[in-house]
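[1] How does the following fold in three dimensions:
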Amino acid sequence: MINRRDLLKHLALGVPALALGKNLNAAQKILEVPGIGYIPGPFKPSWESLSSYQTPDWFRNAKFGIWAHWGPQCQPEHGDWYAREMYMEGSRQNKYHLEKYGHPSKFGFKDVINEWKAEKWDPQELLSLYKNAGAKYFMALANHHDNFDLFKSSHQNKWNSTKIGPKKDIIEGWEKAARSNGMHFGVSVHAAHAWTWMETAQRSDLKGNMAGIPYDGKLTAADGKGKWWDGLNPQDLYAQNHALSENSWDNNSSGKQWDWGNGASVPSKKYCEKFYNRTIELIDKYSPDLIYFDDTALPLWPVSDVGLRIASYAYNKSIQKNNKLEAVIFGKILDKQQRKCMVWDIERGHSNEIEPLPWQTDTCLGSWHYDRTVYENKSYKSAKTVVHTLADVVSKNGNLLLSVPVRGNGTIDEIERSVIEEIGDWMKVNSEAIYDTRPWKIFGEGPSTESQQALKDQGFNEGKSKPFTSADIRFTKKDNTIYAIVMGWPEGATVRIKSMKSASPNLEKPVSNVVVTGSAEKLTFTQGENFLEVSLGNFKPKHTYAFSLKIS
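    Predicted structure coming up:
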């Protein structure tokens, strides 16, 4: 007798991508019986069903989260996408790898994982620091495109952090620390892309003494005899027993094929189902409030329906646990319907307007994976930049997720710590203008409103507009109060707000009271025909790059 999983494969995964939509509903009707990876509830694995999603208020009120994008690729401390780019002959990571570890045919990424011990990791201390910085939620990397699970994974049962490397359940440690600090907990899941992302491991050098000698991407369990990984199958990690994608030797091909188009090698049914099972187990074991997918829309869409199945499962499970929907799922490059199904995430960028639905920008103090050169060059984002980004994003109905790079040993460096502590200083005074707020009628005024660069693809427009000045203001509101966050110290200690002039269409009543947020001291003001002029008197904040006025 055919079982449920086999039926799903035949009905959903076994059909061409374009035919998935009409088959999913029929498949789901047959599959609406109790079983592994099924929870009854209002959400079905279809875009139409998921479009009834409503973002929970806790997330809309939280505004600020911190992310540990931390895994074995941080062990070399040499920047982003190490597991892919160490196999790109002549790349920065490849040159470093040859010098530190040796040739990728002899010392591949699997061996880097074995070097990673996380020996100084103290999640409780870090989460206490992040809570004091004002973060209301915390995101932990559960796996990256390198396909290595950072939790006790039954379906990646040998290539996970409890068996190799740290020999610790990283997600469990983060989750306990987040909950004990009263923070919502989330996981980021990236492993759907390992199939194509790790194709560089199938290469070999094109020149030099090692030309033509394959890297370790095609090794199997039989090759491990007598080695530290004896009994392990590298294919369970690398997933490279398949033909290359079109133009795979083009180092930029991965981005062009992110949505599984443009000649990307299509993953097998077994690969897709394994990803599904791993993610469902992650949800069941650690009950994340937030799930971040580094995918166009949902994982493996449109060549598989597993992303839709995971989303419907997570939403129904949240309802079962909380008696209402409290879960948040993030996706990138969403069309209008898909933005109703989950929270739109913009990577290293921002919207240029108030978005009708809640959204999030994710960015990083430095590189996603820890990069020692960023530390040595002192090129991290400053607390000023982070605060300005937070104010801008919140004014447009968004949240900010800030990644703080973690060293291979599990610590953050003193420069990062100083930035986080300064953000905390600012938030202690001004958080009233951030938490629990909603956008005002306009998001802001000033030169920056006219120079913001349009979004491209999933984001990447941060830092491409004019720097903020004291003439730039961002607005939020709460009940009958409007907060004006001034992005710099004004000349003459006088703030002029054009959007609040006496005849402004934005105001229903004249301004009656202005105070500095976090203070009861009233400020003198004049509401004239050109602007609301506020005298700051003797007030001067500790951090002059941004302060908030509370206007009634």
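[2] Gln360 looks like it's in a strand, true?
    Yes: secondary structure of Gln360 (DSSP: H, G, I helix; E, B strand; the rest coil): part of a strand.
[3] Can you report how many residues lie near it?
    Residues near Gln360, counting by other CB atoms under 10 Å, number 21. Any C-beta I mention is one placed from the backbone N, CA and C, and that applies to glycine too.
[4] Val429: helix or strand, and which one exactly?
    Here Val429 sits within helix 414-430, counting by DSSP states H and E.
[5] Give me the next element, helix or strand, following that helix.
    strand 444-445.
[6] and that following strand, which strands flank it?
    strand 473-478 (antiparallel) (DSSP bridges).
[7] so Ser223, which of the three states?
    Careful, residue 223 is Asp; it's not Ser. Asp223 ends up helix, using three-state DSSP.
[8] So it versus Trp159, what's the distance?
    15 Å (CB to CB, to the nearest Å).
[9] about what we covered before: who touches the helix holding Val429?
    Under the contact criterion CB atoms under 8 Å, 6 or more residues apart in numbering, helix 414-430 has outside partners 64, 66, 129-130, 132-134, 365-366, 375, 378, 380-383, 386-387, 404-405, 412, 434, 485, 517-518, 541-543, 546-548.
[10] One more: stretch 175-189?
    Residues from elsewhere that reach stretch 175-189, judged by CB under 8 Å, 6+ apart: 58-59, 62, 65, 67, 69, 123-124, 126-128, 130-131, 135-143, 171, 174, 279, 282, 286-294, 299, 328.
[11] now stretch 278-285
    Contacts for stretch 278-285 (CB under 8 Å, 6+ apart): 36-37, 142-143, 149, 151-156, 171-172, 187, 189, 191, 288, 291, 299, 306, 310, 313-314, 317.
[12] If any of the residues you listed are buried, put those into a PyMOL selection.
    Filtering the contacts of stretch 278-285 down to the buried ones (16 or more other CB atoms under 10 Å) takes a single PyMOL command:
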select buried, resi 37+142+143+149+151+152+153+155+156+171+172+187+189+191+288+291+299+306+310+313+314+317
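[13] Where strands are concerned, which of the contacts of stretch 278-285 count?
    Among those, DSSP state E puts Ala142, Asn143, Val187, Val189, Ile291 in strands.
[14] Does the first one touch Ile171 like I think?
    Yes: the pair Ala142 / Ile171 is scored as a contact, 5.7 Å apart, by CB atoms under 8 Å.
[15] which residues are common contacts for those two?
    Both Ala142 and Ile171 are contacted by Leu150, Phe151, Val187, Leu282, under the criterion CB under 8 Å, 6+ apart.
[16] Count the neighbours of the last one for me.
    Spelled out, it's Leu282. 24.
[17] Could you check how far it is from Ala142?
    For Leu282 relative to Ala142 (CB to CB), the value is 6 Å.
[18] overlap in contacts of those two?
    Shared contacts of Leu282 and Ala142, counting by CB under 8 Å, 6+ apart, come down to Phe151, Ile171, Val187, Val189.
[19] Identify the bridge partners of the last one.
    This means Val189. With DSSP bridges as the rule, Val189 is bridged to Asn143, Phe293.
[20] ok, Ala62 to Lys477 distance?
    Ala62 is 17 Å from Lys477, by CB to CB.
[21] Compare neighbour counts for the two and give me the winner.
    Set Ala62 next to Lys477 and count neighbours by other CB under 10 Å: Ala62 wins out with 22 against 16.
[22] OK, contacts around that one?
    Ala62 sits next to Lys136, Tyr137, His184, Asn399, Tyr435 when contact means CB under 8 Å, 6+ apart.
[23] And Val514, by the same measure?
    Val514 touches Lys522, Leu523, Phe525, Val534, Leu549, Lys550, Ile551, Ser552, counting by CB under 8 Å, 6+ apart.
[24] change it to 10 Å
    482, 484, 495, 497, 500, 522-525, 527, 532, 534-536, 549-552 (CB atoms under 10 Å, 6 or more residues apart in numbering).
[25] same deal with Trp228?
    By CB under 10 Å, 6+ apart, the neighbours of Trp228 are Lys110, Asp111, Asn114, Ile164.
[26] what about stretch 107-122, average pLDDT?
    The pLDDT scores in stretch 107-122 average 98.
[27] what do you get for stretch 40-58?
    97.
[28] and Lys384, backbone torsions?
    phi -60, psi -50 (degrees, to the nearest 10).
[29] Check what pLDDT it gets.
    Value for Lys384, per-residue pLDDT: 98.
[30] what's the burial count for it?
    Lys384, neighbours per other CB under 10 Å, totals 20.
[31] what stretches of the chain score poorly on pLDDT?
    1-36, 451-464 (pLDDT under 70).
[32] what's the span of stretch 194-209, first residue to last?
    29 Å (CA to CA, to the nearest Å).
[33] repeat for stretch 525-537
    Start-to-end, stretch 525-537 (CA to CA) is 11 Å.
[34] Please apply the same query to stretch 226-244.
    Termini of stretch 226-244 sit 30 Å apart (CA to CA).
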